[in-house]
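Enquirer: Sequence plus predicted model, see below.
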Amino acid sequence: MAGRLQGKVALISGGATGMGRASSLLFAAEGAKVAVVDRNAQAGAQTVADIIAAGGEAAFFAADVSDEAAVGAAVAAVIERFGPVTVLFNHAGTIVIKPFLETTVEEWDGLHAINVRSMFLMTKAVLPSMIAAGGGSIVCTSSISAVAATPMEVLYDTTKGACHMFARAIAVEFRDRNIRCNAVCPGFIRTPHGLREVKELQALGVDVSDAAIAAQQGRIGEPEDVAKAALFLACDDASFVNGVQLFVDNGFTAI
């Protein structure tokens, strides 16, 4: 039985670790040729090696996804290696946790560059060949933080709000060219990023204890929970799903 991404070329930014790695492995298992784009060369090479060992096809491309020239070069290299990208997962991102009044302009600009400008640059670089190939699917990683504000995360929350609207606006503008764009919105997930968030919030007096997370979303999520949701949005099963935010939070935002 063919995988749900058979014949697709999937580019995953931030695809070396955490939810990105889980998605790289799953997308490859579902038949995609996977381009892992990340700054972490060691982890990226390991993820690619694991995909190949499992019988999949993948390659690593090093890039700072907030840098226009680096993104352009990486996308060109991916297309040369695999052909036009037909699945783009804009997953790369990070977090800044600190009191708002201590947040610097440099931190504000830096986080917007990584979390938001990266989506703009990557999508702009990929779209021409995706359109020429007849269409495709774009998935952007947003967060529960786009709609559920957390103390000490004004900057992070703002970037994720931008991710929400970016996905919706791309969906509307490019729907007539057979492009879908959706956002996946994780809750608290057991990744290095997620566990660091919990640790730093607790240090600043925000209650994200095991008990608090259990009350809000039942349990901490696993990277694979998000990867499976991203797979659905990426594949043709979601051919009439466009411009949505899919929350992977076990009801966190429903309370």
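Expert: Perfect, I can see it now. Residues are numbered from 1 along each chain as shown.
Enquirer: where exactly do the helices run in the stretch 51-200 of the chain?
Expert: Counting by DSSP state H, counting those that start in this stretch, the segments of the stretch 51-200 of the chain that form helices are 68-82, 105-112, 118-132, 154-174, 192-203.
Enquirer: Relative to the whole chain's centre, how far out is the one helix or strand in the chain whose mean pLDDT sits lowest?
Expert: The helix or strand of the chain with the poorest confidence is helix 192-203; it has a mean of 91 (mean pLDDT, DSSP states H and E). When C-alpha coordinates are averaged (Cα atoms, centre = their mean, to the nearest Å), helix 192-203 and its chain have centres 19 Å apart.
Enquirer: For that helix, give me every contacting residue.
Expert: 17-18, 93-95, 97, 150, 152-153, 186, 188, 208-209, 213, 220-221 (Cβ atoms under 8 Å, 6 or more residues apart in numbering). Glycine gets a C-beta too; all of them are placed from N, C-alpha and C.
Enquirer: Looking at these, spot the one nearest residue 132.
Expert: residue 93 (28.1 Å; Cβ to Cβ).
Enquirer: Next, count neighbours for that closest one.
Expert: Residue 93 has 25 neighbouring residues, counting by other Cβ atoms under 10 Å.
Enquirer: if we can go back for a sec, and which of the contacts of helix 192-203 is nearest to residue 163?
Expert: For the contacts of helix 192-203, the minimum distance to residue 163 (Cβ to Cβ) is 8.2 Å, reached by residue 93.
Enquirer: my guess is the closest one meets residue 17, correct?
Expert: No: look at residue 93 against residue 17 with Cβ atoms under 8 Å: they stay out of range, at 11.7 Å.
Enquirer: Now do the same contact list for the closest residue to residue 175 other than its chain neighbours.
Expert: Counting by Cβ to Cβ, 6 or more residues apart in numbering, residue 242 is the residue found nearest to residue 175 once chain neighbours are left out, at 6.1 Å. Neighbour list for residue 242: 171, 175, 180, 181, 182 [criterion: Cβ under 8 Å, 6+ apart].
Enquirer: Same check on residue 29?
Expert: Counted by Cβ under 8 Å, 6+ apart, residue 29 has contacts 3, 54, 56.
Enquirer: Look up phi and psi at it.
Expert: phi -60, psi -30 (degrees, to the nearest 10).
Enquirer: if I look at it, how far off is residue 11?
Expert: Going from residue 29 to residue 11 by Cβ to Cβ, to the nearest Å gives 17 Å.
Enquirer: How about residue 243?
Expert: Taking Cβ to Cβ, one finds residue 243 at 21 Å from residue 11.
Enquirer: out of those two, which sits in the more crowded spot?
Expert: Neighbours were tallied for residue 243 and for residue 11 using other Cβ under 10 Å; the higher tally belongs to residue 11 (30 against 15).
Enquirer: The more buried one should be in a helix, yeah?
Expert: No: secondary structure assignment (DSSP: H, G, I helix; E, B strand; the rest coil) places residue 11 in strand, not in a helix.
Enquirer: ok, it touching residue 90?
Expert: No: assessed by Cβ under 8 Å, residue 11 is found out of contact with residue 90, at 9.0 Å.
Enquirer: list the residues that contact both of these two?
Expert: residue 122.
Enquirer: which residue is nearest the centroid of this protein?
Expert: residue 91 (1.8 Å; Cα atoms, centre = their mean).
Enquirer: Which pLDDT does the model give that one?
Expert: Residue 91 is assigned a predicted lDDT (pLDDT) of 98.
Enquirer: Please list all residues in contact with it.
Expert: 12, 13, 14, 15, 19, 20, 23, 139, 141, 230.
Enquirer: again, only this time at 7 Å
Expert: Applying Cβ atoms under 7 Å, 6 or more residues apart in numbering, we find residue 91 in contact with 12, 13, 14, 15, 19, 20, 23, 141.
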